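Asks: I'll drop the sequence and a predicted model, then ask my questions.
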Amino acid sequence: MKIPKTVRHLVLILGDQLDRESSAFVDFDPKQDAVLMIEAREESTHVWSHKIRTALFLSAMRHFAKDLEDRGWPVIYRQLDKEADVSLADGLQAVIKTYSPQAVIAVEPGDWRVRQQLDDTMHLIAFRADSVPANSINRLKKSMQWLPDTHFLCDLSEFRQWAGKSTTLRMEFFYRVMRKKHHILMAGKKGSAEPEGGQWNFDADNRKSFGKSGPQGVPAVREYKHDAITQDVIKLVNKQFADHPGNLDTFNWPVTREQALQALDDFIKLRLPFFGPHQDAMWTHLDFGWHSLLSSSLNLKLLHPLEVIQAAEKCYRSGKVDLPSAEGFIRQILGWREFMRGVYFLDMPQLAKDNFYDHQNALPKWYWTGNTQMNCMKNSIEQTLQNGYSHHIQRLMITGMFGVTAQIKPQALCDWYLAVYVDAVEWVELPNTAGMALFANGGRFTSKPYVASGAYVKRMSNYCQGCAYSPEVRTGQDACPMTVLYWNFLDVHEKEFAGNPRTALMVKNLQRMTDDERKALRARAKEMLSDLDGL
């Protein structure tokens with residue numbers, strides 16, 4: 001549809017706001033308003049973004065723009081290979097100068113950096129006479145209208161009220177409030193305060209390993225056909241970001257609302273019934289297992305969290321899935337996902353700076369290649385580079401756990417997570433990485449660091465088979481880095497851990513070592529920490 005000569009509202013839609021029911025569209029009038037979407041190079045370069053992550057965002061954006069145009073809505077779409085905007089600010093300024101809108105409307109971004117950049121841009125426009133026609137300068141001084149993101153099930157003001165002035169927050173209690181509010185997996189009629197099955201959390205039932213036989217009967221992942229839009233994007237990304245990590249030969253993620261619904265249906269029917277017991281288990285070449293693969297569609301807002309939660313609950317109510325599997329999956333969305341967003345906006349921008357242990361080691365180069373002798377790290381990283389994806393335990397208890405015990409600077413590892421995963425938007429990536437995996441904020445919402453030795457990896461995977469290192473060994477050249485750095489981490493923080501009921505037992509095991517054993521452990525840890533690239 002033709003852009004109106006005089007634009008009343010310029011509605012800015014960001015790459016992770018592909019929501020047909022967006023609050024930005026509530027008052028939209030196609031006769032006098034226009035949608036603006038911008039492909040900005042900076043969004044793929046402020047961290048060294050995986051090719052699959054960039055391709056997913058761009059393809060989904062272009063499909064969403066086409067969907068709006070098919071509605072008969074005017075869309076100003078600035079393509080990376082045409083307008084070549086370096087930043088979102090560049091594209092916004094150019095369009096404002098051309099169309100002189102009365103107001104710019106946008107849903108609050110999920111990235112603090114983007115919000116600050118756009119606020120600064122509008123402030124600059126308002127006070128630069130050459131930015132827009134003179135008659136619109138006064139109108140633009142107060143014209144950036146940020147709207148709440150109605151995609152989420154807990155708005156930010158509600159979360160702030162729940163959090164109050166507490167210095168420590170716990171997801172479990174927040175999750176129970178959300179369960180009651182939305183009447184999810186509750187016994188009896190609406191208003192009941194009793195959880196289905198008599199308990200809130202079935203996490204203890206969902207920690208089984210695969211055993212020696214490994215995973216059995218794993219369903220195939222649905223394949224999504226690449227239409228002309230996706231094919232064009234793949235060519236563009238390969239050309240524009242040729243030196244970025246990853247390979248687009250394996251690109252296979254939903255890029256439309258219709259494909260996202262197919263992904264949801266596929267998960268509910270084929271994988272949710274077997275999701276729970278082995279959700280924490282890992283195995284070589286098991287890229288997806290029974291995991292949902294819905295996080296990218298949720299974070300792009302192609303799916304609404306409530307429809308996903310209700311589909312899982314319906315599956316349980318019909319007897320097709322047991323309660324531990326249904327509850328474990330629902331907790332990840334209704335609990336952790338909503339909680340992470342609340343914490344992000346509550347604690348930014350400090351969260352991005354936090355470094356509780358003052359760790360300063362550089363990120364090992366093999367995080368970008370997988371070229372390490374540690375099988376667990378090698379498999380997890382190679383899977384990530386191939387698919388732009390690994391599941392939560394690989395992120396938390398492999399790449400993340402190594403990060404904290406190897407004393408890697410939190411900001412370096414957070415940037416890596418933001419760069420390599422297709423579902424990474426900062427509001428969800430940063431609190432999970434800095435706060436949960438790396439304990440960088442000192443236990444704001446976790447009661448202890450998530451650390452374990454190579455024995456955990458051996459129990460939950462087959463990664464230790466054929467590895468150059470032995471998970472049981474703490475000293476010498478065969479010693480597993482996961483094990484050595486774990487015990488060294490306990491040694492360094494012994495006093496602190498001894499005073500925490502959740503870590504006191506770890507310290508008691510440490511204290512069984514002789515002085516000579518501790519001395520040898522510290523020496524081997526020092527060698528490893530001085531040459532992480534050589535592991």
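Replies: Now that the structure is in, tell me what you want to look at.

Asks: please make it C-alpha for all contacts and neighbour counts, starting now.
Replies: OK.

Asks: what does stretch 325-335 rub up against?
Replies: 153, 171-172, 174-175, 178-179, 185, 201-203, 206, 272-277, 305, 309, 312-313, 315-316 (C-alpha atoms under 8 Å, 6 or more residues apart in numbering).

Asks: now do it, average pLDDT.
Replies: Averaging pLDDT along stretch 325-335 yields 96.

Asks: using CSV, list the CA coordinates for that stretch.
Replies: Taking Å, rounded to 0.1, in the frame of the first residue of the first chain, the C-alpha atoms of stretch 325-335 are listed here in CSV:
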residue,chain,number,x,y,z
SER,A,325,6.8,-33.5,31.9
ALA,A,326,4.0,-30.9,31.5
GLU,A,327,4.9,-29.1,34.7
GLY,A,328,8.7,-29.1,33.8
PHE,A,329,8.0,-27.6,30.4
ILE,A,330,5.4,-25.0,31.6
ARG,A,331,7.8,-23.9,34.4
GLN,A,332,10.4,-22.9,31.8
ILE,A,333,8.0,-20.5,30.1
LEU,A,334,5.6,-19.3,32.9
GLY,A,335,8.3,-19.3,35.5
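
Asks: contacting residues around the closest residue to Val451 other than its chain neighbours?
Replies: Spatially, and ignoring its direct neighbours in sequence, Val451 is nearest to Met401 (5.6 Å; C-alpha to C-alpha, 6 or more residues apart in numbering). Met401 makes contacts with Ala437, Leu438, Tyr450, Val451, Ala452, as judged by C-alpha under 8 Å, 6+ apart.

Asks: need the max-distance pair from the residues you listed.
Replies: Using C-alpha to C-alpha, the contacts of Met401 span at most 12.8 Å, a distance reached by Leu438 and Ala452.

Asks: which one of those two has more residues nearby?
Replies: Leu438 (32 against 21; other C-alpha atoms under 10 Å).

Asks: now Phe267, nearest residue through space, not along the chain?
Replies: In space, Phe267 is closest to Ser292, 5.5 Å off (C-alpha to C-alpha, 6+ apart).

Asks: contact partners for the one you found?
Replies: Here Ser292 is in contact with Leu264, Phe267, Arg271, Leu272 (C-alpha under 8 Å, 6+ apart).

Asks: among those, which ones are in helices?
Replies: Residues from the contacts of Ser292 lying in helices, with DSSP state H as the criterion: Leu264, Phe267.

Asks: so which of the contacts of Ser292 is the closest to Arg20?
Replies: Nearest to Arg20 among the contacts of Ser292, with distances taken as C-alpha to C-alpha, is Leu264, at 17.3 Å.

Asks: one step back: just put the contacts of Ser292 in CSV and tack on pLDDT and neighbour count.
Replies: Listed next are the contacts of Ser292 as CSV, based on pLDDT from 0 to 100; neighbours: other C-alpha atoms under 10 Å:
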residue, pLDDT, neighbour count
Leu264, 98, 20
Phe267, 97, 23
Arg271, 95, 21
Leu272, 95, 22
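
Asks: how close does Ala263 sit to His182?
Replies: Between Ala263 and His182 the computed distance is 24 Å (C-alpha to C-alpha, to the nearest Å).

Asks: who has more neighbours, these two?
Replies: Ala263 (22 against 14).

Asks: for stretch 70-79, C-alpha coordinates in PDB please.
Replies: What follows is stretch 70-79, C-alpha atoms only, in PDB (Å, rounded to 0.1, in the frame of the first residue of the first chain):
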ATOM      1  CA  ASP A  70      -1.000  -8.400   2.500                       C
ATOM      2  CA  ARG A  71      -3.300  -6.800   5.100                       C
ATOM      3  CA  GLY A  72      -3.200  -3.600   3.000                       C
ATOM      4  CA  TRP A  73      -1.000  -1.800   5.500                       C
ATOM      5  CA  PRO A  74       1.700   0.700   4.400                       C
ATOM      6  CA  VAL A  75       5.200  -0.600   5.300                       C
ATOM      7  CA  ILE A  76       8.500   1.200   5.000                       C
ATOM      8  CA  TYR A  77      11.000  -1.600   5.000                       C
ATOM      9  CA  ARG A  78      14.700  -0.700   4.900                       C
ATOM     10  CA  GLN A  79      16.800  -3.600   3.600                       C
END
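
Asks: residues in contact with that stretch?
Replies: 1-4, 30, 33-39, 65, 68-69, 84-85, 91.

Asks: among those residues, name the buried ones.
Replies: 3, 30, 33-39, 65, 68-69, 85, 91 (16 or more other C-alpha atoms under 10 Å).

Asks: now for those: which two are most distant?
Replies: The widest separation within the buried ones among the contacts of stretch 70-79 (C-alpha to C-alpha) is 25.3 Å, between Pro30 and Asp85.

Asks: residues of the longest helix along the chain that come out buried?
Replies: Secondary structure of the chain per DSSP H: the longest helix is helix 51-70. Using 16+ other C-alpha under 10 Å as the test for burial, helix 51-70 gives 51-66, 68-69.

Asks: centre of the chain to it, how far?
Replies: With C-alpha atoms, centre = their mean, to the nearest Å as the basis, helix 51-70 stands 19 Å off its chain's centre.

Asks: repeat for stretch 295-305
Replies: On the basis of C-alpha atoms, centre = their mean, stretch 295-305 sits 11 Å off its chain's mean C-alpha point.

Asks: straight-line length of that stretch, end to end?
Replies: End to end - C-alpha to C-alpha - stretch 295-305 spans 10 Å.

Asks: which residues touch that stretch?
Replies: 15-19, 57, 151-153, 254-257, 260-261, 333-334, 422-425.

Asks: averaged pLDDT, that stretch. What do you get?
Replies: Stretch 295-305 shows an average pLDDT of 98 in the prediction.

Asks: that one: which residues count as buried?
Replies: Here stretch 295-305 shows Ser295, Ser296, Ser297, Leu298, Asn299, Leu300, Lys301, Leu302, Leu303, His304, Pro305 as buried, counting by 16+ other C-alpha under 10 Å.

Asks: then stretch 118-125?
Replies: In stretch 118-125, counting by 16+ other C-alpha under 10 Å, buried: Leu118, Thr121, Met122, His123, Ile125.

Asks: give me the number of residues near Asp243?
Replies: Counted with other C-alpha under 10 Å, residues neighbouring Asp243 total 11.

Asks: so is it in a helix, a strand, or just coil?
Replies: Following DSSP: H, G, I helix; E, B strand; the rest coil, Asp243 is assigned to coil.

Asks: show me the contacts for it.
Replies: So Asp243 contacts nothing (C-alpha under 8 Å, 6+ apart).

Asks: and it, what pLDDT?
Replies: At Asp243, the pLDDT value in this model is 97.
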